[in-house]
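Enquirer: got a predicted structure here, sequence first:
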Amino acid sequence: MIRIAPSILSADFAHLGRDVERVSTADWLHVDVMDGMFVSNISIGVPVVKSLRKFSEMFLDVHLMIEKPVRYIDAFADAGADLLCVHLEADMPPGIRAALEAMDRRGVKKGIALRPITAAQAVLPYVKDVDLILVMTVEPGFGGQKFMADQLEKIAAIRQYIDQYNPDCRLEVDGGIDPTTARQVVAAGADTLVAGSAVYGAADPAAAIQALREA
C-alpha cells in the first residue's frame, strides 16, 4: 500500500495546527529538521515536534538533516517522533550505527536517508536493520525543487536490496513529488511518498493527497 507523507516544510508555520488538520487524510506527517550545517537551511527542532505530538495522533516521520545525529536521538524520541531518519552522509559509519542503536533503545522506528550523490550500494551495510530507506530526489535543504529523474535507477536498485534482505522495510522518496513523478517513483519501487508543494500548494490538500495515492 502506498503511504503519503505531506511535508510540513511547505505548511504555513503561523498556522501550523490548521495546516496539520488540512492533511489529516494522509498516512504520515513528514517533519524536516535542518541544522544549518549538514544543509545550508535551518528549519525546526525538538519543540515543534513536541507540539505536533500533543496536537496530532498522526505518525511523525522525522527526517534529521543534521550533522552527527546520534546527539539528538533521545531528544526527538522524547518529543514523540515515531520514526527517525538519519543521513548516511551526516556522520562516519560508527556514528550512524550509534544513532540506529539509540533508536532501538528508545523504541522508535529506524530510517536512513541518501542524498542524490550517494550510490544505492551505500545502504547495504544497514538494509537488514532499518524500517525505512529514504531516497532524496532533490538536494536536501529546501522545498519546491525540481525532481531529479536520474534517481529512478537508484530507487529501483534499492528496491531490489529491500526485496532481497528486508522485505518489511519501506522505501520512501522525497523531492519534487507530484502525481506525474509519483507514478515514476512507484513504478521504480517506492511505497512511501513525501510531498510538500504538491499538497500544501493545492486548493484542496485532501484531493491532492488522493491524487498521489492513485498515481
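Expert: Everything's here; your move.
Enquirer: which residue is nearest the middle of the chain?
Expert: Nearest to the geometric centre of the chain sits H63, at 5.0 Å (CA atoms, centre = their mean).
Enquirer: any idea of the pLDDT on A5?
Expert: A5 is assigned a predicted lDDT (pLDDT) of 98.
Enquirer: again but with E21, I slipped
Expert: 94.
Enquirer: quick one: residues contacting it.
Expert: E21 makes contact with no residue under the criterion CB atoms under 8 Å, 6 or more residues apart in numbering. In this view, the C-beta of every residue, glycine as well, is placed from N, C-alpha and C.
Enquirer: any idea how far M148 is from it?
Expert: 32 Å (CB to CB, to the nearest Å).
Enquirer: could you measure from the nearest residue to G201 once chain neighbours are set aside over to K128?
Expert: Leaving aside its sequence neighbours, G201 sits nearest to S10 (CB to CB, 6 or more residues apart in numbering; 6.9 Å). Here the criterion is CB to CB. By it, S10 lies 33 Å from K128.
Enquirer: neighbour count: the two, which is higher?
Expert: S10 (18 against 13; other CB atoms under 10 Å).
Enquirer: picking up where we left off before, helix or strand: which one has the residue nearest to the centre of the chain?
Expert: strand 59-65 (DSSP states H and E).
Enquirer: following that strand, which helix or strand shows up next?
Expert: helix 73-79.
Enquirer: the helix or strand that comes right after that next one: partners in the sheet, and parallel or antiparallel?
Expert: Downstream of helix 73-79, the next assigned helix or strand under DSSP H and E is strand 83-87. Here strand 83-87 has these sheet partners by DSSP bridges: strand 59-65 (parallel), strand 109-114 (parallel).
Enquirer: which one of the ones you listed is the most hemmed in?
Expert: strand 59-65 (a mean of 24; mean count of other CB atoms under 10 Å).
Enquirer: how far off centre is that strand?
Expert: 6 Å (CA atoms, centre = their mean, to the nearest Å).
Enquirer: start the count at 10, not 1, going forward
Expert: OK, 10 is where the count begins now, so the last one is strand 68-74.
Enquirer: contacts for it?
Expert: 14, 36-44, 47-48, 52, 58, 61-62, 81, 85, 89-96, 99, 120, 122, 141, 143, 149-150, 181, 183, 203.
Enquirer: how many other residues sit next to the closest residue to Q160 other than its chain neighbours?
Expert: Excluding the flanking residues, the one nearest Q160 by CB to CB, 6+ apart is T146, at 4.6 Å. By the measure other CB under 10 Å, the count of residues near T146 is 25.
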